[in-house]
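quick one: sequence plus predicted model below, questions after.
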Amino acid sequence: MPFTPRFANPGKFLRLADRVMPWLGAAALASFAVGIYFALYASPPDYQQGETVRIMYVHVPAAWLGLMIYVTMALAAGIGLIARHALADIFCAAAAPVGAVLTALCLVTGSIWGEPTWGAWWVWDARLTSVLILFLLYCGYIVLRRAFDDHEKGGKAGAVFLLLGVVNIPIIHFSVQWWNTLHQPASVFRMQGPSIAPGMLRPLLVMALAYIFYVGFVILLRMKMELLARRIEAVEMVREEEV
Amino acid sequence: MSDFLRLLRFDLRLHARQLTEWAALVLFFIIVVLLLPFAIGPEPDLLRRLASGLIWLAALLMSLLALEKLFVTDARDGTLDLMLLSPLPLPLIVFGKLLAQIFLMLLVLALMIGPAALLLGMNFSVLPVLLASLAFGVPVLVLLGGIAAAVTVGLQRNPALLTLLLIPFYIPVLVFAVAACDAALMGAQVTPHLLLLGAMLALLLPVTPVVIAVVLRNVQE
């Protein structure tokens, strides 16, 4: 085994999750409280966009996390296919709806921001289109995963789909550089350092942390539920065989 | 090699004898092309501007229809089990099937492209670029569709599933193909878009049969 499956034992994983989750939940609540206070009250309005810039504090972390969750799922899918790690498929199945919701949130908030700023709810710009494709990839994965009754087969089919979909990730990230788009270029993760004003960067980073804690909490919770659901399934199968 | 040619001939003959399959594809393509002018209005200038995009849309929808059946009939009549048991390498068998499907689709398109171009009043200077984009792009559609068809073959028929899986991957093909045709219409550089399509094809052609073989072996019994 190339990857030592330390938490491949579901029992161990469940115990670890139980220990970590209260902390994650508390951290998410605290950082959301601080982040939302700064994002909505204690940060300057933009000199061009005015107050609408505040949507950014919800929009940008959702976009980052939507992308990150897909990358993590694809990594897990690869590990699941190669090392047959028992939790890889559980993670993908648990994380996909979370990623889909965050990507949808990113699209919706972007649309609400775009109407006053660009004068259109939607434009067929490279960044917007590639994020829409990311959302479709999540939907496709969820539907494909649910179409299988057998978890092992469904996991493998889903993993192949996830890995093929990875081609979209660099397209999303570089779309604002490759094509001359309406969507603004990156202003935080740049080679030259962030170009965003520090008074806006701080609340944005706090919000991003809050999203990360929250997503960690929800994914762990969903993984726990998925594990328990499969246990119930297994128990019922055994009982049926006995009868 | 001779085994491969025999397989290819077998698959092609299979396609040739299924007249309903052919007719359905031709009919579907031409119906889409016929309906679109009613949907967007019959102004000749508008149609001339949109012609290549509309033909590409019809080709894309047609391939979704065709790919639905790529492995289903084989799974139903037991051919798929024989493929899995065959001493020939599975990727080679799959490659033969894909090649036959590509050939069928290109043939249908080659037959219908003339009437469709006339109906939509297409600018004839765009036609060579459209043909080139179809020659590169349609095989990409079939290869991608083959993977999706292999992944979903064991499932109860859910007609939306294959479409949902393929749309994210079909959008880039459509974008570059139509960009090439638009560039030809505007008199701009055509080759970069066609080269990108060619790159997709060159990347997928050797990889896809292996991926499909792995999927068939692992996901199906």
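Nice, thanks for sending it over.

which residues in chain A form helices?
For chain A, applying DSSP state H gives helices covering A:10-40, A:56-83, A:86-118, A:126-147, A:151-165, A:168-178, A:198-242.

wait, residue A:64 sits on residue A:208?
Yes - the criterion here is CB atoms under 8 Å, and residue A:64 meets it with residue A:208 at 6.3 Å. Glycine gets a C-beta too; all of them are placed from N, C-alpha and C.

near residue 50, how many residues? Count them for me, please.
Here I'm looking at chain A. 11 (other CB atoms under 10 Å in any protein chain shown).

other chain: chain B
Neighbours around residue B:50, by other CB under 10 Å: 18.

helix/strand/coil for it?
helix (DSSP: H, G, I helix; E, B strand; the rest coil).

what sits against it?
For residue B:50, the contact set (CB atoms under 8 Å, 6 or more residues apart in numbering or on different chains) comprises B:40, B:120.

rewinding a little: can I get the helices of chain A in JSON lines including distance to residue B:93, mean neighbour count and mean pLDDT?
Formatted as JSON lines, the helices of chain A follow (distance: least, CB to CB, whole Å; neighbours: other CB atoms under 10 Å in any protein chain shown; pLDDT from 0 to 100):
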{"stretch": "helix A:10-40", "distance to residue B:93": "39", "mean neighbour count": "15", "mean pLDDT": "88"}
{"stretch": "helix A:56-83", "distance to residue B:93": "23", "mean neighbour count": "20", "mean pLDDT": "92"}
{"stretch": "helix A:86-118", "distance to residue B:93": "29", "mean neighbour count": "20", "mean pLDDT": "91"}
{"stretch": "helix A:126-147", "distance to residue B:93": "24", "mean neighbour count": "21", "mean pLDDT": "90"}
{"stretch": "helix A:151-165", "distance to residue B:93": "19", "mean neighbour count": "21", "mean pLDDT": "88"}
{"stretch": "helix A:168-178", "distance to residue B:93": "30", "mean neighbour count": "16", "mean pLDDT": "76"}
{"stretch": "helix A:198-242", "distance to residue B:93": "35", "mean neighbour count": "16", "mean pLDDT": "90"}
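
tabulate these (TSV), appending distance to chain B.
Converted to TSV, those look like this (distance: least, CB to the nearest CB, whole Å):
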stretch	distance to chain B
helix A:10-40	23
helix A:56-83	9
helix A:86-118	12
helix A:126-147	5
helix A:151-165	5
helix A:168-178	7
helix A:198-242	19
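
and of those, who's closest to residue A:47?
Closest approach to residue A:47 among those (CB to CB): helix A:198-242, 11.2 Å.

tell me the angle of that closest one relative to helix A:10-40?
Interaxial angle, helix A:198-242 versus helix A:10-40 (axes from the mean of the first three to the mean of the last three CA atoms, to 10 degrees): 150 degrees.

any idea how far stretch B:130-150 is from the chain center?
Chain-centre distance of stretch B:130-150: 4 Å, with CA atoms, centre = their mean, to the nearest Å.

buried residues in the worst-scoring helix or strand of chain B on mean pLDDT, which are they?
Every helix and strand in chain B was compared by mean pLDDT, DSSP states H and E; the lowest is helix B:72-77, with a mean of 82. Across helix B:72-77, burial judged by 16 or more other CB atoms under 10 Å in any protein chain shown covers B:72, B:74.

is any residue of it near chain A?
No - judged by CB under 8 Å from any CB of the partner chain, helix B:72-77 stays clear of chain A, getting no closer than 14.0 Å.

helices or strands up against that helix?
When contacts are defined as 3 or more CB pairs under 8 Å, 6 or more residues apart in numbering or on different chains; DSSP states H and E, helix B:72-77 packs onto helix B:79-85.

need the contact list for residue A:136.
Contacts of residue A:136 by CB under 8 Å, 6+ apart are B:164, B:167-168.

report the separation between the residue sitting furthest away from the middle of chain B and chain A.
Using CA atoms, centre = their mean, the residue of chain B lying farthest from its centre is residue B:43. It sits 29.4 Å away. Distance, residue B:43 to chain A, using CB to the nearest CB, to the nearest Å: 22 Å.
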